[in-house]
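>>> need coordinates for the below:
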Amino acid sequence: MTDSRATTLFETNGKKTIAFPGSKGPRTSTWGQTKKMAFELNKTGIDVTFLTETDGLICADSLLKIRNTYRLADFKYCVTKNSNTLAKELEHGFMQASLVVLKLRNMDAGVFKDAIGYILRNEIPYGNLILMNKYGKLVELEKRDIKTGIFRKKIRGLL
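A predicted model of the protein is given here:
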């Protein structure tokens, strides 16, 4: 995406992370981690654009370009070890966009599975996930992977 109002934060492997003025990111306590997440996405071939956000409105954090397709996404950096807290974070993320980029720093696979179980049991609307561990390794989980339980196999060894 090319726009003179946007600032390039960094470029890796030909992929960029840019931010528009008014992006809420710099005003958050997790901005440093969010930028690291974007950098990891750049390394895997995904462009990241942080969008202008309006306080008080529910809106996505970013626009990702994944394999020539643009997707609205919300970034979540989670340090909790509690499945209920993660489930609430995911619920909030999916209210903002159909794709959530989630980095888990302290969570194991069992707690993550519990959080997904909570979302499924309570019929909370959800979408796709890009799940990232504390080392920056990531896996893409489609909505059908979550619905059918295939995500359990995909996250093995990640968390």
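>>> can you map out the strands along the protein?
Per DSSP state E, the chain carries strands over the ranges 7-12, 15-19, 47-50, 62-66, 69-78, 99-104, 128-132, 138-141.
>>> contacting residues around the residue nearest the centre of the chain?
Per CA atoms, centre = their mean, the C-alpha nearest to the average position across the chain is that of Val101, at 1.0 Å. Residues in contact with Val101 (CB atoms under 8 Å, 6 or more residues apart in numbering) are Met37, Leu41, Ser62, Leu64, Ala73, Asp74, Phe75, Lys76, Leu129, Ile130, Met132. The way it works is simple: take the backbone N, C-alpha and C, and place the C-beta from them, glycine included.
>>> ok so, going back, which one of the strands of the chain lies closest to Arg156?
Distance to Arg156, taken as CB to CB, is lowest for strand 138-141 among the strands of the chain, at 9.6 Å.
>>> so which elements touch that closest one?
Using 3 or more CB pairs under 8 Å, 6 or more residues apart in numbering; DSSP states H and E, the elements in contact with strand 138-141 are strand 128-132, helix 151-154.
>>> most tightly surrounded among the ones you listed?
Comparing these by mean neighbour count (mean count of other CB atoms under 10 Å), strand 128-132 ranks first with a mean of 23.
>>> hang on, the earlier thing: let's have the strands of the chain in TSV, adding mean pLDDT.
Shown next, in TSV, are the strands of the chain (pLDDT from 0 to 100):
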stretch	mean pLDDT
strand 7-12	93
strand 15-19	95
strand 47-50	96
strand 62-66	96
strand 69-78	96
strand 99-104	98
strand 128-132	98
strand 138-141	97
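>>> redo those strands as a markdown table? Include distance to Phe112.
Converted to a markdown table, the strands of the chain look like this (distance: least, CB to CB, whole Å):
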| stretch | distance to Phe112 |
| --- | --- |
| strand 7-12 | 27 |
| strand 15-19 | 26 |
| strand 47-50 | 23 |
| strand 62-66 | 21 |
| strand 69-78 | 10 |
| strand 99-104 | 7 |
| strand 128-132 | 8 |
| strand 138-141 | 10 |
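>>> go through these and name the closest to Ser29.
The closest of these to Ser29 is strand 69-78. By CB to CB, the value is 9.4 Å.
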